[in-house]
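> Generate coordinates for the sequence data below:
(chains A and B)
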Amino acid sequence: MNYSKKWLKGLVFGLITLMIIVSVVSCAPKPAAEEPAAEEPAAEEPVMEKTSITIMIPDNPVAFNGINTDTGYEQALGELVMLSLAEVDPNGNLYPELAAEIPTVENGGVVVDEDAWTMTATWKLRADVYWADGEQVTADDVVFTWNAMVDAGAWYAPMDYTDSVEKVDDFTVLVTFNTVFPAYDLMFGGEDVFIYAEHYCDAEAGFYEWNCDDQPLSSGPYILEEWVADDHLTFVRNENYYEEGKPAIDQIIVQIVPEEPVKQAMLLEGDADLHYWPAEPASDVYKEEGNAANYAKSPTERWVMRLIPNMYVKGDRETPHPFLSDVNVRRAMRMAVDVDTIIDDIFLGYGVPVWNDFFRPPFNGCDIPRPEYDLEGAAALLKEAGWEDTDGDGINECHGCPNAEEGTLMTMEFAIYAEYGEPLELSQQLIAESWKSIGIATELQIIEGAIMWAEEEDGGTEIAGNFELDMWDDGYAGTDPADQIWTFYSSGSDWNYGWWVNEDMDAWIDEFYSLDEEYRLEVGCEMAAILEAELPQILLFSTLEQHGISLRLKGVLPSANDPVTWNIADWTLEE
Amino acid sequence: MNSNEKKLEIKGEASAGMRPPETMTSMAWKRFRRHPGAMIGAVVLVILILATLFAGLSPYDPEKSDIKNRFQAPSWEHPFGTDGLGRDLLTRTLFGGRVSLSVGLMVVGITLSIGVPIGSIAGFYGGWVDAILMRIIDATLSIPSLMFLILLAAILRETDLPFVKGNSVMTIAVVLGVLTWPTVARLVRAVFLTVRELEYVKAAEALGASDLRIIVKEVLPNGFGPVIVESTLGVGYAIMEESGLSFLGFGIMPPTPSWGNLLNNAQEHLIQYPWLAIFPGMMIFFTIISVNYIGDGLRDALDPYKVLAEIGE
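Purely as a prediction, here's the structure:
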């Protein structure tokens, strides 16, 4: 008995010892001597390690086409692969890209016919830019891009003012305008318009359906190598890029990461290099000293958080909205929004109060006073407008209001877009609570941005007028607000989402298209006054164009005038 | 009187005072009480229900912001802390429980009202009626549930129907109920297939009882046990699904709290302010565990074979 116990103990001890030895041996690094160094001659040569960065965005871009859809990511990724004739830097300075220079009156590139009040612009192109397949970028590509947009029925502001776009020679394009058009310099540029390859893009499929939307031929610093929907896009260096020695980084991976905390964790853990448009709490983290991330913001503001009231009943462009169509109600609603609290406490100070679309230089000298936060004043104004809570249920009813039947309840849907995240959701709830205190009931909604801003046939709620009150942020790229003002407030624009119509505004918008900068300032102030008096949109504050950046990534310059990727060819890595 | 007579007399008195035979209900209750998990679950669930019912006693308004006190850590003043608008999280969690538990009960109500009649008809009549209804059930069960829930929630919140407007409790309950009834229907059908062949049912038919009477009075009571068990589990399922829908932004919309949307709103602050997720998560956890144990207890208590074994047959 004793013998067998001893034997068993010995066996167990032996087994355990054997297991420990095996574990230690298997976990130890292999001795260098065992490596077949002689069989790897390449190991002796210095191998340049491929440099790569990861950019995080929350959603797929719809296409490499900024005219097609505007979620912001089309333009951002478009900058990696496509070039335009001209662009704007973060300080508002124009610079040529495919163009050899920006045409101006001074250099003879722009000729104005004072009598006919028309003009021409002559673009000279660089002769050293090639597509990724080796073909040269020429005037034919510019004319092709213009014709493709026209044939597809695409619209952007220059189309209304352009008579023709013609090739003069292989590197010269002549644009003839039917009026004096001040935004001629970004007609083939800015953040939305890229030049596409005539010999590659499928013209028959058309501008909105062609292969160049998802398999673009690159003229920019990178080439799209792979696009795995909802996961990632991989871009590799374009060896044919015209700037010598650029881009410095070999590979860009654009990772689709919807969740803010995940993006934040990835940046802090060194798994990514750029957090595109982080929410304010993340920016606060990146700003802290000692983190593995930096914070960068644009020198100017652009994105204005705004309330967009529909002047008509949801989905019905015939019947005025019972109360949003009344300017006094809109004014009362604005008075009841505590903008400072939203900026300071919810957006953590990352915002600037804005109350008029003419808020950026040089159009910000119109002396429109900032509206006050005044709940009692708002309630009194609602009462004056015929809306009062007489039955004590907390919701105002119509009692002599202009656009609704007696007794109609003051209740509406109030939607925001999901991608912005918690700060916008909390702002929505805070605003709704404030309105509730003056008798305006809301049903809060959160809608995907891709649905909100989709085309009408794709179920887009905004363009179809299928909403009551929405809140989102927008602003104009570059330095000229003319196109945005037209887009939001002209009676002829499909993007005048609230269907607000004002003949005086239409007339002033037409006047705004002038090369006389002094006169444009005056016209800007006339329009600012109308917008203040009518409140077709209720502007609240400007959010910041900000990004989280890894410590090793250098050269990133956020811009309110273009996506942050505008100078990606200049980005470098510092290990 | 001799001693034997006395003994007989005592025996006679004892038989006269003997308790009547136990009913099935009292036996089931006894068996349920002997299931410790089920009893603890019941106590916890009752506490949770009472807490949510008396949530109105909280000194805080669940929807009123207190912006200067946002993201306060748990304290005596705010035992669960505060959220991003400074609202008391305990109050919001308790009010959220009303919504989540209501959704759970409503879903079970909808499930039973669709599943029991369809299962009864399929099981009782059999033949082509059964075949058609079962194919409908199979088709419903084959739908990918989450995708269908999101789609249906998106459609219903755009409708103007009187009781299912927007992301209301009723909308969410209808959305969930539409997907869960087939399980109950199959269960009831299975009971009917077994019981309809028993002699007492045949006897009822021979006596001229109507189909409705046989279904409702004779057969259906035999299916109560499994249906009740399934219903308790259904409550837990519905709470989980409501949380999932709200988490994805298709459920109850803020500022109305539900356990699901409280968790949804907490996801951006899991590291900085973990209490935002911990407390609503604990509520869901305890509720689901409780109803599951209660379901287990009921299954044991209502199992006819165990009852028969207990009475020695």
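> Correct me if wrong: A:T300 contacts A:N364.
No - with contact defined as CB atoms under 8 Å, A:T300 does not reach A:N364; the gap is 10.9 Å. The C-beta positions use only the backbone N, C-alpha and C, and glycine is treated the same way.
> The two: who's more crowded?
A:T300 (18 against 15; other CB atoms under 10 Å in any protein chain shown).
> quick one: contacts for the closest residue in space to that one that isn't next to it in sequence?
With sequence-adjacent residues excluded and distances taken as CB to CB, 6 or more residues apart in numbering or on different chains, A:T300 is closest to A:A560, at 4.6 Å. The contact partners of A:A560, taken as CB atoms under 8 Å, 6 or more residues apart in numbering or on different chains, are A:P90, A:S298, A:P299, A:T300, A:E301, A:R302, A:W303, A:G475, A:A477, A:E545.
> residues near the third one, how many?
For A:P299, the neighbour count with other CB under 10 Å is 13.
> Ok, the fifth one next?
By the criterion of other CB under 10 Å, A:E301 has 19 neighbours.
> for A:V137, what are its contacts?
Counting by CB under 8 Å, 6+ apart, A:V137 has contacts A:L83, A:L98, A:L125, A:R126, A:V129, A:Y130, A:W131, A:I195, A:A197, A:S219.
> For the fourth one, give me its contacts.
Neighbouring residues of A:R126 by CB under 8 Å, 6+ apart: A:P96, A:L98, A:A99, A:A100, A:V137, A:F171, A:Y242.
> So for B:L94, what's the nearest residue that isn't a sequence neighbour?
Nearest non-adjacent residue to B:L94, counting by CB to CB, 6+ apart: B:A55, 3.5 Å away.
> Nearest to chain B within the stretch 51-200 of chain A, name that residue for me.
Of all residues in the stretch 51-200 of chain A, A:P58 sits closest to chain B, at 12.6 Å by CB to the nearest CB.
> Next up, phi/psi of that residue, please.
A:P58 adopts backbone torsions of phi -80, psi -10, taken as degrees, to the nearest 10.
> What is the burial count for it?
A:P58 sits with 20 neighbouring residues when counted by other CB under 10 Å.
> Tell me how far whatever residue of the stretch 451-575 of chain A ends up closest to chain B lies from A:A533.
Nearest to chain B in the stretch 451-575 of chain A, going by CB to the nearest CB, is A:N466, at a distance of 8.7 Å. In this view, A:N466 and A:A533 are 28 Å apart by CB to CB, to the nearest Å.
> re the thing from before, just the contacts of A:R126: which are in strands?
By the criterion of DSSP state E, membership of the contacts of A:R126 in strands covers A:P96.
> Which parts of chain A belong to which domain?
Domain ranges of chain A: A:47-82+A:220-300+A:546-575, A:83-197, A:303-543, per automatic domain parsing.
> and A:D185, how many neighbours does it have?
Around A:D185 there are 24 residues (other CB under 10 Å).
> give me every residue that touches it.
Residues in contact with A:D185 (CB under 8 Å, 6+ apart) are A:A86, A:L94, A:I102, A:P103, A:A121.
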